[in-house]
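Asks: Generate coordinates for the sequence data below:
(chains A, B and C)
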Amino acid sequence: MKSITFESISKQYNKRPVVRDFSLDVGEGERLVIFGPSGCGKTTILRLAAGLVMPDRGRIFIGERLVAAEGRNIVSPEGRQVGMVFQDLALWPHLTVRGNVEFGLKVQGVSSSQRRQRIADMLRLVQMDSRMDAKPAQLSGGEQQRVALARALVLQPQVLLMDEPLSSLDYELSVALRQEILRLHHEIGFTLLYVTHDREEAAQIGNRVVVLRHGMVVKR
Amino acid sequence: MVKYVTLVLVVVLLIVAGLLPVLAMLAQSIIADGRLSLDAYATVLRSRNQWALLWHSIALSSLTTVMATAIGMPLGVLLGKTDLPFRRAFLVLFTIPLLIPPYIMAVAWFHVLGRGKLVARLCGDAVAAVTSDLLFGLPGCVLVLSSVFMPVVMLLTMAFLKTVNPRLEEAGRNMTGWWGVLKGITVPLILPGVLLSALLTFLLTLGEFGVPHYLRFNVYPAETFSQFSAFYDFRAATAGAMPLAAITLAALVVERTCLRRRTYEIQLASQAGEILSVPLGRFRGLCLLLVTMLCLLVVILPLLILLAAASSLGAYWQALTQAGDSLVRSLLYAGTAASILTIVGFFAGYLIHYQALPFWLTIDSLTIFLFALPSTVIGVGLILLWNRPATNFIYATPIVIMCGLLAQYCAITSRITASTLTEIPASMDEAAQMVGAGWVRRVACITAPLAKKGLLAGWVVAFIFCLRDMGISMMVYPPGLDTLPVRTFTLMANGPTDLIAALCMIMVLGALTPLGILALVFKGSRFRA
Amino acid sequence: MNTCRQRILSAVAVLALLWSGCAKRQTPASQEVVVYTSEDQVFSEPILKDFERDTGIKVKTVFDTEESKSTGVMNRLIAEQNNPQADVFWANEPIRAEVLRQKGIAAAYRSPQAEGIPDVHKDPDGYWTGFSARARVLVVNKRVQEKPTTIFAYADPPQKGKSVIANPLFGTTTVQMAALFTVWGENRAKAFMEAMKTNKVGISTSNGESTDFVAAGQYDFSLVDSDDAVSRMRQGKPIEMVYPDQGQDDAGCLIVPNTAVLIKGARHPENARKLIDYLLSKETERKLAFADCAQIPLHSGVETPAEIKPIEAIKVMKLDYSAVAAKMQEIQPYLKEWVGF
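Replies: So this is what the prediction gives:
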């Protein structure tokens, strides 16, 4: 598990400030939720941590390692060893469930026998072991969500970023999956940075909540 | 690092294959007797006649584009998105005119509409006199070229319809009927593809000389052509081509202005390629009748004229024995060139779509500029650049043809790729980045597979254009290694009519193979009412 | 391996197989000759194949299209002049051969087979030699009652809108116009051309097309090459051929011989000379006379079919081809304006 540190991060798009002087420490193993309305900059903060965008000002650390500074990514997204679950899940439609989860393991050069074991274990953990050969289009929303989680967690990331992963699900399913996330966090252990606009979800998932408005922290 | 090296290499390849030959021509055009001289350009700009010809070309291109788009887009929607019967058969039939050299289509139309021809036999000499007079002039040119290039609009419309997320249309259906959805949601979403096809049609017509020449409508490409053919003046011919380049750039600006504010984050349709089918209901019979009549008019009628001329098996046998080797070469060159074009076009399109290098706009403009240039300019440029003892391994082999085809047609595959990439959400690539995949693996395992159908459509369109190419091939084919279109035209001079017609039919049949592939691509779409 | 990758690899394998199949075994340089020809492929190819069979020398050919369909072999020859790929140029008329001489692309070669060919059909310095000629003839639709016998019919008011001519910027029609300018002088020739325009002459893309238009009845007559006329007549089209201007005071009809040119810097000069000798032979002239092109032998005593008039029986326009070549280049701008380009 690693911590995440944001130091005075600012970011603007087309001269419109999206994140302003944002500073935050996420402790090792912490479940920190960034809560705020749509357009407040919470997804941008997540993408900054992931390395998918670069800060205009400020610095970002993952653990002790400086990964981004003003105007540049010092460590590329693929080098940060950070898992991410996207809002649209971004499951690769041309790959099966097994293929989606296996992809990252192949990239890391894990042997085929180890891959088989880890995929089976992870999919069992998310209760998707019976659907290994299905394509994402054949899965329900909740099932797709679990596969996205499995894909991120199978690589044993120290940090997991989740961008409103439950926003498109119905209430009951959302509640069930929140429990799932908490269970996985307890069993595997990782630092979680979670973004949502749902108050109840924020309260349930996070052991600390930060409220964001217009790119600035208004409440911790 | 690998990403930039790869993209820069692609740019270098485009420059070497396409830009350098043109620069060789440009250099020659501004040097006279060892001095810098813009005389050739001044002569072109001063000539009032050239401005009149330019106006003719713009008028012809504009009218052809409007007609081809006005017919091709609704036809593409009917064949790609409704329950019209016999859709696949119509798809194949309507594509055939694109496979036949436009000049031969013009001759076929003469046999329909000319004095003493089919119309005269059916409706009398007075009517034939009118149709003949209309054929030999601007209306006839528009008719012939629209029928030849309309398939470009139709095919691209069908390809882009596959990119529309059915959920968006379903959301619209909550509020309005299918007509409202098509007008307000579907068509605006496929506008980039339609504009691309309109741009290609405009440029193809702009550079067309054979059909207007046959139909006695003087157009601007005659300037370059006559400078080459009559005056053997390469300087003047190159200078004469530059106004076409200027018009091309203007057309590009118009296209970009129309598209600038439309950034489509089109969600990927389900991986089964689901398309919502529009039920035609009580209009089904009427639509079938209209499409059938259109098909009879622009495809069957001229095709029957050709078939009638090549009605004996003997003609086909003679065609195969006289040109069988050139047919094999044509298929081989076209297949190879299309594959190279798809790969290079993929990376060029990637570069353009993601603006991955600072000069991405220049690369896009360069490919369009080369597409619009008369093939003779590129051809002579290739000769000037590569015809040296040290580079004989390029010039004296089919490699030089590949260079020419790459230069002339890269715009097609790069633009199709760029448009295809707009369909792929950025999160697909980002998710792969987050699991540690480098650029090469992401492109090979994520981007390219997701763009598969667009790449295949691009391959097929590139294959068709390379197969029917005559301009580049005629200029640079190594002695003894001609292609089928070249052989068809060289045999046309006093060759028996039935032989020429048979050669055209063989070319059509030979090109139908990729159409079969295209049909399979669309077969993958699950239609849902 | 996934299916998609399998398919792509299969396609690459098929392409590779086809390339290996198509890759010709390299012929030793001593056994080949490269010829560019503007004589119609249907007529020239059989002669070249016979040469291949008779000598064992492989012939690699670049054929030409009709003059207005592509910019063809002349531009290749000119563009390639610093590193010529062709050994021989078989031109279908002498004027382009003369242009090559003037541009320094031709090399002198006096073939022994040229003996017997009248000097008027040869370059005095041996840069090109004429053989197997066509005549510029009037092709007339059979339904026409009063057949024209002179090219002045183009300017005859009763013939308004009834005639067609191939684009005079290209091919043998350019030669025709240049010949008229040379023989008549500029004023008379321009007056004739303007009269043609006033008489609403149609402009086609080629002599073959003109012949087809006349055969179809679209027009009454046209000035074309004799091979275009004969080939359609043998196809049973309803046309007749008239040798124009054969009267005592008339200028005569233009004769356009094929020409053989040795290219300067040819890679296979020995084989090139052998090919030129073959082309200029009586036997080749006999074959071309009996072919559908029905070309007129320039050697005397060559067997010809009945429908071909021997050269001695035709009143021929008297010309200096090098003067015509020079005139052709001079009048091109006028012709361009006349056509409307």
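Asks: ok, and does stretch A:86-101 reach over to chain C?
Replies: No - Stretch A:86-101 lies out of reach of chain C by Cβ under 8 Å from any Cβ of the partner chain, never closer than 8.6 Å. Every residue, glycine included, has its C-beta placed from N, CA and C.
Asks: hmm, that stretch touching chain B?
Replies: Yes - interface with chain B: stretch A:86-101 contributes A:86-88, A:90-94 (Cβ under 8 Å from any Cβ).
Asks: for that stretch, which positions count as buried?
Replies: For stretch A:86-101, the buried set under the neighbour-count rule, 16 or more other Cβ atoms under 10 Å in any protein chain shown, comprises A:86-101.
Asks: and that stretch, how far from the chain's centre?
Replies: Computed by Cα atoms, centre = their mean, to the nearest Å, the chain-centroid distance of stretch A:86-101 equals 15 Å.
Asks: which residues of chain A fall in strands?
Replies: Ranges of strands within chain A are A:4-13, A:16-26, A:31-35, A:57-62, A:65-69, A:72-73, A:82-85, A:159-163, A:191-196, A:208-213, A:216-219, based on DSSP state E.
Asks: can these go into JSON lines with extra columns for mean neighbour count and distance to B:S312?
Replies: Shown next, in JSON lines, are the strands of chain A (neighbours: other Cβ atoms under 10 Å in any protein chain shown; distance: least, Cβ to Cβ, whole Å):
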{"stretch": "strand A:4-13", "mean neighbour count": "18", "distance to B:S312": "69"}
{"stretch": "strand A:16-26", "mean neighbour count": "17", "distance to B:S312": "73"}
{"stretch": "strand A:31-35", "mean neighbour count": "23", "distance to B:S312": "79"}
{"stretch": "strand A:57-62", "mean neighbour count": "19", "distance to B:S312": "78"}
{"stretch": "strand A:65-69", "mean neighbour count": "18", "distance to B:S312": "75"}
{"stretch": "strand A:72-73", "mean neighbour count": "13", "distance to B:S312": "70"}
{"stretch": "strand A:82-85", "mean neighbour count": "27", "distance to B:S312": "68"}
{"stretch": "strand A:159-163", "mean neighbour count": "24", "distance to B:S312": "69"}
{"stretch": "strand A:191-196", "mean neighbour count": "26", "distance to B:S312": "74"}
{"stretch": "strand A:208-213", "mean neighbour count": "18", "distance to B:S312": "80"}
{"stretch": "strand A:216-219", "mean neighbour count": "13", "distance to B:S312": "84"}
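Asks: residue contacts, the residue in the stretch 301-450 of chain B that chain A sits nearest to?
Replies: When scored by Cβ to the nearest Cβ, the stretch 301-450 of chain B has B:V435 as its residue closest to chain A, at 3.1 Å. Neighbour list for B:V435: A:78, A:83, A:103-104, A:107, A:151-152, A:155 [criterion: Cβ atoms under 8 Å, 6 or more residues apart in numbering or on different chains].
Asks: what do you get if the cut-off is 7 Å, keeping everything else the same?
Replies: Contact partners of B:V435, counting by Cβ atoms under 7 Å, 6 or more residues apart in numbering or on different chains, are A:103-104, A:107, A:151, A:155.
Asks: Kindly report the same for C:P168.
Replies: By Cβ under 7 Å, 6+ apart, C:P168 lies in contact with C:174, C:177, C:335, C:339.
Asks: Report the contact partners of the last one.
Replies: Yep, that's C:V339 we're talking about. Per Cβ under 7 Å, 6+ apart, neighbours of C:V339: C:167-169, C:203.
Asks: any idea which of those is the one closest to chain B?
Replies: Among these, and counting by Cβ to the nearest Cβ, the member closest to chain B is C:L169, at 4.3 Å.
Asks: Using the record's assignment, carve chain A into domains.
Replies: What automatic domain parsing lists as the domains of chain A is A:4-81+A:157-219, A:95-156.
Asks: Looking at these, spot the one closest to C:D225.
Replies: With Cβ to Cβ as the measure, domain A:95-156 is the member of these nearest C:D225 (66.5 Å).
Asks: for the helix or strand hosting B:A432, packing partners?
Replies: Under the criterion of DSSP states H and E, B:A432 resides in helix B:426-434. Using 3 or more Cβ pairs under 7 Å, 6 or more residues apart in numbering or on different chains; DSSP states H and E as the contact test, the elements touching helix B:426-434 are strand A:82-85, helix B:439-442.
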